[in-house]
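J.: I would like to see how this sequence folds:
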Amino acid sequence: MLHVCSLAALPDTVRATGASHILTVMANVAQVQRPQSVLEANHLRVQMDDITEAMDGFVAPTESHVEKVLTFVRGWDRRAPMVIHCYAGISRSTASAFTAVCALNPHRDEMAIARLIREASPIAAPNRLIVSLADKALGREGRMLRALDAMGPGSMTVEGRPFRLDLE
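T.: Purely as a prediction, here's the structure:
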């Protein structure tokens, strides 16, 4: 099971879910304090800004970032939940959760996954560049992007509320 949250909700979400793994996807990963209940080896920090094209002074998501996420997610034993978070819990984390569910369920319909994300979080706005890179890496032939388009924009807010995604 995956749980998605903001940086501010990370400690409470890990505690409430009993998560064994954390995926951090945000610009300043050094500011993240890993809860002591999670082993360092079970915490992946991927440093990237929430942008969809290259900009001076910012780190755009890349194929390398997505490959790190995919390797980490595929190495997760799933005995306990994983928490995926970014700064606000809206864009990078939801795109990474979408990526994770697609990677762990290669035959599951992308539209169905996108609908689950929207139902779980009306404010989810998965980062389009991350989804595009994941779609390519997973050989989904544009289906993840089409599902993202069908999902529509999320309601505007500053910080997302934690939510859960079942893997199957």
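
J.: Could you look up the SS state of the residue lying closest to Ile84 once chain neighbours are set aside?
T.: Of all residues not flanking Ile84 in the chain, Leu23 sits nearest, at 4.5 Å (Cβ to Cβ, 6 or more residues apart in numbering). The way it works is simple: take the backbone N, C-alpha and C, and place the C-beta from them, glycine included. Three-state call for Leu23 (DSSP: H, G, I helix; E, B strand; the rest coil): strand.

J.: per-residue confidence for Leu23?
T.: In this model, Leu23 is scored at 98, pLDDT.

J.: correct me, but it touches Ala95?
T.: No. Contact criterion Cβ atoms under 8 Å: Leu23 and Ala95 do not qualify, at 11.4 Å.

J.: Identify the residue nearest the geometric centre of this protein.
T.: Nearest to the mean C-alpha position of the chain, by Cα atoms, centre = their mean, lies Ser96 at 2.5 Å.

J.: Quick check: which ranges of this structure have low pLDDT?
T.: 157-160 (pLDDT under 70).
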